[in-house]
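**Student:** Fold the following and give me the result.
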Amino acid sequence: MVTEADLTLPDGRILRVYDALTGTGRGDGAAGSPFPVFWLHGSPNLGSPPEPLFAAAEALGLRWVSYDRPGYGGSSPHEGRTVASAAADVAAIADALGLDSFAVLGHSGGGPHALACAALLPERVTAAVSVSAPAPIDADGLDWFAGWSPGIAAENRAAIQGRAALAAHWAAAEPEEMSAFFTDADVAALGGDWEWLAGVAGQAMEQGDEGQLEDTLAGVRPWGFRPEAIRVPVLIVHGETDRMVPPAHGRWLAAHCPTAELRLVADAGHITALDTAPEALAWLAARTRA
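**Tutor:** Take a look at the predicted model:
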């Protein structure tokens with residue numbers, strides 16, 4: 001069962017928090033209690049925890065905790081936020097729930113936010129998984145725009161010019177065909193095993209574009225930390241046929257995070273890379289018990 005609650009931060013912002021506690025006890029890793037894993041959602045999504053992974057998490061003794069990133073769902077906007085801003089929000093949620101330590105797992109646009117927690121909360125984050133995520137815009141040696149679909153590349157170039165330019169671009173742009181950024185298997189997954197993901201994305205888009213706008217702007221700013229500074233265990237997962245985020249980004253992240261392990265998934269796209277998430281959860285669980 002997932003519970004929802006609103007957390008008011010010291011700056012007055014509200015975060016909508018989700019907690020899928022299925023066991024007993026505090027759930028902070030004490031003997032017999034499920035260990036918390038923060039789900040950092042993609043863009044545009046709502047932050048409810050990933051229903052297709054509930055059974056795998058429960059079998060491994062893990063507890064999902066998540067939240068709507070600012071501007072999405074029940075969370076207040078946070079104009080000017082960076083990727084690094086997520087670490088303070090996650091820490092505030094963990095404090096409110098009495099969680100001393102936790103792991104993090106992010107997909108797509110949530111991957112950099114998971115890495116932010118790993119970099120900036122090393123005393124609390126036991127391990128991090130990033131799936132199908134982009135590298136920082138200032139990644140040394142990476143042709144950052146190579147491999148994106150034309151529409152997504154144009155969107156990111158507009159975002160570099162600022163909020164007004166991105167909003168104007170979205171107002172004028174013609175939508176791309178899904179085949180530009182999803183494989184046939186990705187499209188099938190969104191109507192099958194990962195239909196839940198299509199649902200939360202649809203709900204986020206129906207609500208408006210503030211969350212996605214803030215996410216996109218944050219993605220083309222310096223992140224506020226360097227992957228090279230991460231010292232906790234990290235697993236980078238990327239599909240080799242990803243059309244949404246080029247696989248070169250996953251390779252760059254793994255090469256520049258000194259603690260990272262890279263898993264390139266043959267024939268997997270942006271969505272179908274999530275089919276390996278149960279194995280990634282097992283990897284996390286092994287490190288939360290260390």
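**Student:** hey, let's count contacts and neighbours off CA atoms from now on
**Tutor:** Will do.
**Student:** Now residue 127: phi and psi?
**Tutor:** Here is the backbone geometry of residue 127 (degrees, to the nearest 10): phi -170, psi 160.
**Student:** who's in contact with it?
**Tutor:** Residue 127 makes contacts with 102-104, 118, 232-234, 284, 287-288, as judged by CA atoms under 8 Å, 6 or more residues apart in numbering.
**Student:** One more: residue 136?
**Tutor:** Counting by CA under 8 Å, 6+ apart, residue 136 touches 219-223.
**Student:** Can I get the buried part of these as one ChimeraX selection?
**Tutor:** Per 16 or more other CA atoms under 10 Å, the buried members of these correspond to this ChimeraX selection:
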select :219,220,221,223
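**Student:** picking up where we left off before, tell me which of the contacts of residue 127 fall in strands.
**Tutor:** 102-104, 234 (DSSP state E).
**Student:** need those residues in JSON lines with neighbour count and distance to residue 280, can you?
**Tutor:** What follows is these, written out as JSON lines (neighbours: other CA atoms under 10 Å; distance: CA to CA, whole Å):
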{"residue": "102", "neighbour count": "26", "distance to residue 280": "15"}
{"residue": "103", "neighbour count": "27", "distance to residue 280": "12"}
{"residue": "104", "neighbour count": "30", "distance to residue 280": "11"}
{"residue": "234", "neighbour count": "26", "distance to residue 280": "10"}
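**Student:** Can you tell me which of the contacts of residue 136 end up in helices?
**Tutor:** Secondary structure defined by DSSP state H assigns residue 219 of the contacts of residue 136 to helices.
**Student:** in this protein, which residue is closest to the centre?
**Tutor:** Closest to where the C-alpha atoms of the chain average out (CA atoms, centre = their mean) is residue 110, at 1.6 Å.
**Student:** all strands of this structure, in order?
**Tutor:** Under DSSP E, the chain gives strands at 3-8, 14-20, 35-40, 62-67, 102-107, 125-131, 234-239, 260-265.
**Student:** Show me the one of the ones you listed that comes nearest residue 194.
**Tutor:** Closest approach to residue 194 among the strands of the chain (CA to CA): strand 102-107, 12.9 Å.
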